[in-house]
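> The following comprises the amino acid sequence and a computationally predicted model.
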Amino acid sequence: MSCEPRIALVLGSGGLRGLAHVGVLSVLEENNIKPDLITGCSIGSLIGALICAGHDSQTLMKLARALGRKSWIEFVADKLGFVASDKVYEIVTILTQNRRIEELDIPFAAVATDLTLGKEHVFYTGKAADAVCSSISVPGLFVPYRYGGHQMVDGALINPTPVNIAKKMGADLIIAVDLAFVSTVEEVNNFFDVILRSLDIMEKGLHHYNGLEQSCDVLIRPQLNECRVTDFQKIEECYEAGRLAAEKALPEIKNILATYSLK
């Protein structure tokens with residue numbers, strides 16, 4: 001008698017490199033591997049919420065190609081940041097049909113950092129748009145997102161690839177997609193890159209400290225050295241990098257699934 005594992009897809013932070021998540025999803029779809037739950041941080045929370053709302057990889061790539069920088073980013077004059085979350089909130093609200101997390105098609109959780117309390121905040125319930133806007137608000141760039149009287153910022157400060165949350169939600173097989181990497185650069189030459197590269201370095205340190213490689217069953221790390229966090233021109237490269245990495249991991253995933261079919 002076969003025993004089907006509860007599969008979790010864990011989507012890490014990484015700015016526009018998050019289109020690699022869509023590439024990974026496309027390979028899973030082609031092989032009829034369906035996640036039973038999804039957890040995400042930052043861009044991973046955005047992609048994850050849209051998957052859980054019923055959007056497949058083809059739809060997500062069409063959206064990515066159609067919606068340019070101006071669709072997502074609204075610059076503001078605010079002492080707490082340069083970018084507001086209003087446009088992201090509007091888009092996510094539309095694409096999730098204004099649903100709450102508990103109303104989505106697939107169980108979902110998003111990780112943010114509560115700047116007020118100085119600790120992790122995990123969204124298991126509530127409006128999906130609130131969860132995403134909280135999780136993606138990169139400190140120093142985005143104005144902190146107001147939720148429940150608290151100021152929320154990017155979950156990557158604490159938990160960039162939330163494998164532990166997937167375990168808490170009852171996952172048997174955890175497929176994690178890690179977009180954090182630190183490659184050598186010739187020069188960091190603007191304020192935005194200083195913040196984003198610093199986050200990359202911090203995330204890599206957190207993964208080492210938290211033992212990411214040991215805590216999941218399959219770790220997918222797309223090669224994204226040529227893709228900057230803010231580069232809207234590289235979405236196709238990010239997508240293909242995700243596909244390539246997922247195809248490399250596919251035999252491992254299938255081997256693990258085969259062991260469950262024997263139970």
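Received, thanks.

> By residue count, which strand of this protein is the longest?
strand 108-114 (DSSP state E).

> in the chain, which residue is closest to the centre?
residue 44 (0.9 Å; Cα atoms, centre = their mean).

> so how far is the longest strand of the chain from its chain's centroid?
10 Å (Cα atoms, centre = their mean, to the nearest Å).

> Now the helix or strand that it is followed by: average pLDDT?
Downstream of strand 108-114, the next assigned helix or strand under DSSP states H and E is strand 119-123. Mean per-residue pLDDT for strand 119-123: 97.

> For strand 119-123, could you pull out the residues that count as buried?
120, 121, 122, 123 (16 or more other Cβ atoms under 10 Å). Yep, even glycine has a C-beta here, placed from its N, CA and C like the rest.

> if we can go back for a sec, the longest strand of the chain pairs with which strands?
Sheet pairing of strand 108-114 (DSSP bridges) gives strand 37-41 (parallel), strand 119-123 (antiparallel), strand 150-154 (antiparallel).

> Any chance you could list what contacts that strand?
37-41, 45, 48-49, 52, 101, 119-124, 128, 131-132, 134-135, 137, 145, 147, 150-159, 162, 165-166, 169 (Cβ atoms under 8 Å, 6 or more residues apart in numbering).

> Then stretch 58-66?
Contacts of stretch 58-66 (Cβ under 8 Å, 6+ apart): 19, 22, 25, 26, 47, 50, 51, 55, 95, 235, 239.

> In the residues you listed, which has the lowest confidence score?
Among the contacts of stretch 58-66, residue 235 carries the lowest pLDDT, at 85.

> Hmm, residue 17 and that one touching each other?
No - in this structure residue 235 lies outside contact range of residue 17 using Cβ atoms under 8 Å: 9.5 Å.

> what about the residue nearest to residue 109 when sequence neighbours are not counted, how many neighbours?
Nearest non-adjacent residue to residue 109, counting by Cβ to Cβ, 6 or more residues apart in numbering: residue 39, 4.7 Å away. Neighbour count of residue 39, defined by other Cβ atoms under 10 Å: 33.

> got a list of what residue 39 touches?
By Cβ under 8 Å, 6+ apart, the contact list for residue 39 reads 8-11, 48, 108-111, 162-163, 165-166, 169.

> Show me those residues that map onto strands.
Using DSSP E, the contacts of residue 39 in strands are 8, 9, 10, 11, 108, 109, 110, 111.

> Residue 236 versus the third one, what's the distance?
Using Cβ to Cβ, to the nearest Å, we find residue 10 at a distance of 24 Å from residue 236.

> ok, these two, which is more surrounded?
Remark: of residue 10 and residue 236, residue 10 carries more neighbours, 32 against 13, as counted by other Cβ under 10 Å.

> Cool, thanks, talk later.
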